[in-house]
Each structure stands twice: as structure tokens, then as C-alpha cells.
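Enquirer: what shape does this take:
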Amino acid sequence: MNPQLTKQIGIGAVAGLVIAALTYFLLNGKRDDLKATIATNESLQREVDKGNGLKQNYEKLKVEVANQEKRIEELIKIMPTEQDRAEMTIRMKKLADTAGIDQTSFSLENPQNKTYYKEYPVKFNFRVGYHTFGQFASMISGYEKIINLSEIQFKRIDGQKGAVFSATVICRISAFVYNPAPPAEAASAAPRPAAPKPAAGAGKED
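Expert: Numbers count the residues shown, from 1 in each chain. Presented below is the predicted three-dimensional model:
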């Protein structure tokens, strides 16, 4: 073989090995960069997916809040106003007369502050028949404003079997007036001022 050709082949082989080595090391760094870029992209995609999920939850919660606010508005419309509450005893008397029961007395009880509403209870005394009081209770349940009938106590009237009024009833009827502000916390008692210290030498005899 021609020595010159052999030398050229050897130089070419060495150059090929050098190029291959350089290519390997250079591409190895690029491969590491590629892996890091792919990992970063996957992490960003997870954040995007998480953000989309939060957005979907936000939209869902926003719709739910709007529905609840609409429901609250509808409930407020059927809650008694202050004027309705002031006229409740008169209106209950009319319902009692319509149902055929006799209102004998009533007494206003202390209002109760609740969260977002105030309860105004009134204790009533009636003479009733069992069926007529049931009719009265049904009329209250169909009343256009939110009121509550509770603590019903029946007592049979002796010797009145078959009479128009065969029992007495004591019950509580409450009106609930909307109050958007929650009840204020009771103010704590102001600390009492400390007693003044006695002057030097006070109480001593000369």
C-alpha cells in the first residue's frame, strides 16, 4: 500500500475519532438540556392544569354564591317588616275569628336578637275546638310572611264536650324581622379605676 495513502487514512481515522468524541460530549450536554427543558415544560403544564382546575372551581363557586344570594333575596321578601310585626296581634285576631276560635288574651314577650334577624314572640291564649284550631294553624302556615307557631299547650275544658269551645290553648307566635347586621357583642364592663394610694404618713399619730 502506498505509504502516503496509509498516512492519509490514519489521519482521517484519528480525525473521525476526534470528531465523534467531540460530537458525543457536545450532544450529551444538549441531551441534558433537553431533559431539563422537558421536565420544566411538564412542571409548567401541571401548573396550567392546576390553574384551569381552580378557574373551573371559581366559576362553579361563583354560580353557587349567586344562587344563594338570589335565594336569600327571595326569603327576605317574605320576612315580616317592622310594620307587619307591629300589626301581628291584629292580624292574628282576624285569623282567629276567621277560623272560629276565640282569642282571650295576648302578651308581648322580649324580642330575641339572632344572627341576621330579630324574633318578636307573642304569647296567645285561645278558646278553641280541636278542628277549628287546626284550621287556624293551617292558615298561619299559609300566611304570606314568615311567622312561627310553637309551644302549643292544649287543656280540655271540663263539661264542654261537644261545645263550640271544648279546650283552651296557650301558644307562642313569633315574627322574624330581617336585620342585615349581626347582633353586636355585649360591651365588656369598663375596668374600675384603682383606689388612690394613701398619702405618706396618713393614718399615723404624732
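
Enquirer: what sits against the closest residue to E151 other than its chain neighbours?
Expert: Excluding the flanking residues, the one nearest E151 by Cβ to Cβ, 6 or more residues apart in numbering is R172, at 4.6 Å. Where you see a C-beta, it was placed from the backbone N, CA and C, and this is true even at glycine. Listed by Cβ atoms under 8 Å, 6 or more residues apart in numbering, the contact set of R172 reads 109, 121-124, 149-151.

Enquirer: list the buried residues of stretch 159-170.
Expert: Judged by neighbour count using 16 or more other Cβ atoms under 10 Å, the buried positions of stretch 159-170 are 165-169.

Enquirer: scratch that, stretch 106-120 is what I was asking about
Expert: Neighbour-count burial for stretch 106-120 flags 106, 117-120 (criterion: 16+ other Cβ under 10 Å).

Enquirer: please apply the same query to stretch 147-159.
Expert: In stretch 147-159, counting by 16+ other Cβ under 10 Å, buried: 147, 149.

Enquirer: now do the helices in this protein.
Expert: With DSSP state H, the ranges of helices along the chain come out as 3-77, 82-86, 88-99, 130-141.

Enquirer: now do the buried residues in the second one.
Expert: Along helix 82-86, the positions that meet the burial threshold by neighbour count (16+ other Cβ under 10 Å) are 84-85.

Enquirer: ok, residues contacting that helix?
Expert: 120, 145, 175, 177.
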